[in-house]
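Novice: structure, please.
(2 chains)
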Amino acid sequence: MKAPLSWLKDYVEISDKPEGLAYHLTMTGLEVEGIEYLDDDVVFDINITPNRPDCLSILGIAREISAIYGKPLSFPEHNFVAETGELDFNIDILDDELCHRYAGRIIRGVNIEPSPQWLQQRLIKCGIRAINNVVDITNYVLLELGHPMHAFDLNKIQGKRIIVATAGKVRKDENPVSIKLLDGSQRVLDDDMLLINDASHPIALAGIMGGEDSEVTTETKDLLIESAWFLPSSIRKTSNKLGIKTESSYRFERGADKKILKKALDRATYLIHQIAGGKIYGKIDIYPKRHKESEIKISFKAINRYIGMTIPKKDVIKILINLGLGIETSGDEITVKPPSSRRDIIRDVDVIEEVVRLYGYEKVPSVVPKSPIYIKKDTSDGFKTRLKRIKDIRYLLKGYGFTEVINYSFMGEDEINNLDIKDDDTRRHTISILNPIRQEDKYLRTTITTSLIRNLVHNYSYGNRDLRLFEIGKVFINERQDNGLPKEPQHIGLLLTKEGEKQLYRDSSEEFYILKGVVENILDDLCVKSVGFVRSNEPFLHQGKASDIIVKFCSGEQTPTTPQEESLKIGYLGVLSARTIERLPVKILKQDVLIAELYLDTILDIMVKELPIFKTLPQYPYIERDVAILIDNSIEVARLFEILRSYESPIIENIRLFDVYKGKGIADDKKSVAFNIRYRSNEKTLSDSEIETLHNDFVNFILSRTGGILRG
Amino acid sequence: MLYKEIADSFNLELDASNSIEDINRLKVKYLGKKGIITEALKGMSSLAPQERPTHGQALNQLKREIEDLLSKREEHLKQIDITRRQIKESLDITLPGNRIPIGSLHPINLVLDEIVDIFVSMGFDIEDGPEVELDYYNFEALNIPKDHPARDMQDTFYITEDIVLRTQTSPVQVRAMQKSSPPLRFISPGKVYRCDSDISHTPMFHQVEGLMVDTDITFSYLKGVIEVFLKEFFGRNVSVRFRPSFFPFTEPSAEVDIGCIICKGQGCRVCKETGWLEVMGAGMVHPKVFENVGYDTSIYKGFAFGMGVERLTMLRYSITDIRLFFENDIRFLEQF
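Specialist: Residues are numbered from 1 along each chain as shown, chains lettered A, B, ... in the order given. Model (predicted):
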């Protein structure tokens, strides 16, 4: 809201400097966002919060100023003498829930011409275009008193009557009602939209905009000036639905003042008579739902207890009176009667706010609460514990060279399509946003991978080609839970890609194993036991370099012979497939891109956090033997280790893989696998001969189960 | 004398020795089973009994000296040997270290961690809630009915008519109050969404909101707690001011400003020449909100506050464009 200083001064004495006034307005709740210095004036740009429609006017702001400085407020001239006699015009309100009051004034014989300069200037300073004297005056009074009005060309109103009714009530057939508005647009209306109609058709969209065919033009002679009160929620709904925001709808939807309506009509009549001439005739005022005076009871003690300090009684009384609130005191009790303009003052706390904001927030002492220790009744670990575990993982990943990213929770259709995920996959059960900012952000992401690929594309195109990225955040699956909301599990996403081998210190291992190592360490940190890596079918990953990550656990009824072992997928990792890569908007050549995604919430849910239990340190020495065997290429190491572990012996302490070799000197379908076995007894120092017997037996077991042969 | 001769010849040989092998040879020659000293000791049997102690003492003395000299010489030669080897193995120690690459954490999360730590140190718990939220929790329970102009304060992403992307973390407060009875003291950090995008707005950003409910909460406690937080976060000397504002779920409501940390209150571009920066919103919990969760408003009072993490992060690191946070360019992220 723009408020010129010269105009404010019409109603209240202001001796403070503009900056001082701006400061005081800001510190009492009318935030001055800007001061514009003109040659002959100063214009304040004030942010009016939605609870203060009374301040969407020069007089309203002047009232605040009068309360701040304790100066009297004057009301603009609105007295005149009207002609007497029969009016021959009718107003009916058919929907009095939506229109609580409708008043009209007839003025005949006006001259429509441009407004005088002073009036035009005031409108322009407030950002409103001048049109003609009558329309300008309705706008002027809107700014002055905050009440929107409308001027009709009386002779264009058919049947000498106004009917205030919803479109549904005036609809003549199945076709929806439509109206051509002042802005030239033709609008089709819903049945619940409120209209101003004449005897034959709608002539205005109530409280929002007038119709074109009853518009005041240079030919207009006779006027009907409308001043009414419309239900805020109804105006807002219609204005939102049609996408029309006007100065009028803005004020009505925040709540107009039922009482000032009549004064506004008189003020406009007065000004029209002064400026455009004509004869003033009678007025019609239909007022089916009267303003209800409210009373709020509150005690001085309650105010002080709420604020945490004692505000002197005389200050409380002075503030409330200066704001135009009616008050009666009796002992410690105050009865407050807010004026019709202050629809925001409903209960005791609203009165407290008025008192404290004018008394000054800065006068309230800052007190640190006494701080008893609360023991939570709820014994669960809660979110705090979860947050701490997540923080640990973040720091761990930082240590592994990963940079944390935060992405929008959105993805586009192309991005999810580019992963070639099948239609029946839950990641295809997307949640779409009805009003996205751009199509690329239309869906809530179902995987962090789309976000990480975005980051890859951005960085790669700027030449950042060595990337280790991670994100911990939610993904959104369109499966309703009991609370009616979709699932939003937290995932960890990782991306790793490296440009070439131009490095001072070589790390020659396959990137797959680097990322796998990081994933294994995270799972270790999360105390996940029985992790398995199995070939993955993720369609966006390289078939030969992709793994699902699973945990095995026992569930259901267990019998000694067949424990029900189940496995649960907790993520995947692998190299992005060439198809997914080649469809990206950047050409990524000569380097693999690795992705991992871990279902963090699933992991945290199944993970049993166990405290370590101390084991006595071994007292006897160990003996080690190395074994190298030649086995079929098709036997994966995980399978080999299953075989090794199936040989039960209490003195095999550890088996450590140290070499896997394919190539020169070895048949194409074979590989050499070498591992180190550590033997140790808890009871004694083992002798060479004891070990020899056991070791030979173990080796034979391995060879027979794997079909391998011992290497020399 | 015999000892003198032995000593002289030993000293000559010792001087000539320059390897561990030489030392070992001398050990055998003088101290070995058939060594010179050993033989000399054996030869004492031919001496008269009264001469034996003197000779014995002198020989043993000589033996100790030789042992001592040999071990010193051996130590010296070993040292030379090690030094020679080490010179050969010498590295260019100015080459850069083989560093395990260290990553970095997102500046938003660094600041979020810091905010959380400050409130946790003041005894606040942490609560979480869904990002896809019912309109009821995001608005209605917070005293923002449908078709209320206060909804204009936040442009909302809709999933359906009744489901939204939460525009604030306040719905977590409602859920937490429904779950537990007072006293309560917690914060709710998290992502929020608004249908807005330009140099100072992104469609997703982070908030931390807080709530304290008890029988004796006052507006002055609200001021106290927020001032403690801001002084912890921005430094002891930061000035803080509260001015009236409006939020549907608090009454009275306040905007919290700090003295501009860029220009120290003199007026600059960042504070739009006002000398103040708006950093938080706060207020006493509106009784309507308590009624909606079934708290007795005649017994319980509370305050709530909220802040935008991006705003605080931009101030902390002098970042001028909010969009940088979500572009995730590593040249930006690696600076933190």
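Novice: all strands for chain B, in order.
Specialist: B:125-126, B:132-134, B:163-165, B:184-193, B:204-214, B:240-247, B:250-259, B:276-285, B:301-308 (DSSP state E).
Novice: these into TSV, with extra columns for mean pLDDT?
Specialist: Listed next are the strands of chain B as TSV, based on pLDDT from 0 to 100:
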stretch	mean pLDDT
strand B:125-126	92
strand B:132-134	96
strand B:163-165	95
strand B:184-193	95
strand B:204-214	96
strand B:240-247	95
strand B:250-259	95
strand B:276-285	95
strand B:301-308	96
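Novice: reformat those as TSV; add distance to B:Gln178.
Specialist: The way it works is simple: take the backbone N, C-alpha and C, and place the C-beta from them, glycine included. As requested, those are exported to TSV (distance: least, Cβ to Cβ, whole Å):
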stretch	distance to B:Gln178
strand B:125-126	16
strand B:132-134	12
strand B:163-165	18
strand B:184-193	11
strand B:204-214	13
strand B:240-247	20
strand B:250-259	19
strand B:276-285	14
strand B:301-308	14
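Novice: quick one: stretch A:439-449 near chain B?
Specialist: Yes - looking at stretch A:439-449 against chain B by Cβ under 8 Å from any Cβ of the partner chain, the contacts come from A:Asp441, A:Leu444.
Novice: low pLDDT regions in the stretch 501-650 of chain A?
Specialist: Residue ranges of the stretch 501-650 of chain A with pLDDT under 70: A:501, A:554-565, A:608-609.
Novice: using JSON lines, lay out the strands of chain B together with distance to A:Ile635 and mean neighbour count.
Specialist: As requested, these are arranged in JSON lines below (distance: least, Cβ to Cβ, whole Å; neighbours: other Cβ atoms under 10 Å in any protein chain shown):
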{"stretch": "strand B:125-126", "distance to A:Ile635": "49", "mean neighbour count": "20"}
{"stretch": "strand B:132-134", "distance to A:Ile635": "47", "mean neighbour count": "23"}
{"stretch": "strand B:163-165", "distance to A:Ile635": "50", "mean neighbour count": "24"}
{"stretch": "strand B:184-193", "distance to A:Ile635": "47", "mean neighbour count": "24"}
{"stretch": "strand B:204-214", "distance to A:Ile635": "48", "mean neighbour count": "23"}
{"stretch": "strand B:240-247", "distance to A:Ile635": "66", "mean neighbour count": "22"}
{"stretch": "strand B:250-259", "distance to A:Ile635": "66", "mean neighbour count": "24"}
{"stretch": "strand B:276-285", "distance to A:Ile635": "63", "mean neighbour count": "23"}
{"stretch": "strand B:301-308", "distance to A:Ile635": "57", "mean neighbour count": "24"}
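Novice: and of the ones you listed, who's closest to B:Asp155?
Specialist: Set against B:Asp155 and scored by Cβ to Cβ, the strands of chain B come closest in strand B:184-193, at 9.4 Å.
Novice: mind checking how far the spatially closest residue to A:Ile666 that is not a sequence neighbour is from A:Asp659?
Specialist: Nearest non-adjacent residue to A:Ile666, counting by Cβ to Cβ, 6 or more residues apart in numbering or on different chains: A:Ser672, 5.8 Å away. Separation of A:Ser672 from A:Asp659 (Cβ to Cβ, to the nearest Å) stands at 7 Å.
Novice: that older thread, tell me how many other residues surround the residue nearest to A:Ile666.
Specialist: 17 (other Cβ atoms under 10 Å in any protein chain shown).
Novice: got the contact list for it?
Specialist: A:Ser672 sits next to A:Ala628, A:Ile629, A:Leu630, A:Asp659, A:Val660, A:Tyr661, A:Lys662, A:Ile666, A:Arg711 when contact means Cβ atoms under 8 Å, 6 or more residues apart in numbering or on different chains.
Novice: ok, the fourth one touching A:Lys671?
Specialist: No - shown here, A:Asp659 and A:Lys671 do not form a contact pair, counting by Cβ atoms under 8 Å, at 10.0 Å.
Novice: still on that earlier bit, what residues do A:Ser672 and A:Asp659 have in common as contacts?
Specialist: Both A:Ser672 and A:Asp659 are in contact with A:Ala628, where contact means Cβ under 8 Å, 6+ apart.
Novice: can you pull the buried residues of stretch B:226-243?
Specialist: For stretch B:226-243, burial by neighbour count (16 or more other Cβ atoms under 10 Å in any protein chain shown) applies to B:226-234, B:238-240, B:242-243.
Novice: cool, thanks, signing off.
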